[in-house]
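> This is a predicted model, with the sequence first.
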Amino acid sequence: MAFDFSHINEEWTLFLDRDGVINVEKNEDYIRQWSEFEFYPESLLALPILANKFPRIVITTNQKGVGKGLMTEEDLKDIHSNMVQQIELINGRIDHIFYCTDLDNDSPNRKPQAGMAFQAATQFPMIQLGKSIMVGNRMSDMEFGRNAGMHTVFLATTHPETTFPHTKIDYRFDNLFQFAQAI
């Protein structure tokens, strides 16, 4: 049985994937610079609501484009800096962004492995992974959440064909705003 949203309080942390959750994911490609970044309108509605509900919001994102040399780490940091600035302008908040540029799918920090969750819990000792929610648009995000001991929320933004109910998915919504409304 899925966890109850009414139990969410100041002890909880929200983990978000980036591409396909906050912004439009490029089909079979990478967002390589800020000019290619496009927020989902629904995420802009959701982020202020989520900032009021969760004391900590972190992004965990795989970014192979850096590892492949298609963009630099500075390009990625520029995208993230601009993204956070835009989110703050609408009274939203991102407390930290953890990213993995590794190419090896077995890297301990690459989702679905739980390395970025463990980094977050180390950097923010108040994070309790059992009182955390991972929101993503891919099964690797759901596996990441489960591997770290988190609850999971699947957004059907890019993969609506994903089966639900599913043992790795606690809740499913069409987009981030629907999730924000539900909590």
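It's in.
> Looking at the chain, which strand is longest?
strand 56-62 (DSSP state E).
> Packing partners of whichever helix or strand comes after that one?
Using DSSP states H and E, the next helix or strand after strand 56-62 towards the C-terminus is helix 64-67. With contacts defined as 3 or more Cβ pairs under 8 Å, 6 or more residues apart in numbering; DSSP states H and E, helix 64-67 has these neighbours: helix 73-89. (Glycine included, C-beta is placed from N, CA and C.)
> Which elements pack onto the helix it packs on?
Partner elements for helix 73-89 (3+ Cβ pairs under 8 Å, 6+ apart): helix 64-67, strand 96-100.
> Mean neighbour count added to the ones you listed, as TSV?
As requested, these are exported to TSV (neighbours: other Cβ atoms under 10 Å):
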stretch	mean neighbour count
helix 64-67	18
strand 96-100	18
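> can I get the ones you listed in TSV with distance to residue 34?
Putting these into TSV (distance: least, Cβ to Cβ, whole Å) gives the following:
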stretch	distance to residue 34
helix 64-67	14
strand 96-100	14
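> Quick one: closest of those to residue 5.
Ranking these by distance to residue 5, with Cβ to Cβ as the measure, places strand 96-100 first at 23.4 Å.
> Each with direction, which strands does the closest one pair with?
Strand 96-100 pairs in its sheet with strand 56-62 (parallel), by DSSP bridges.
> All set now, cheers.
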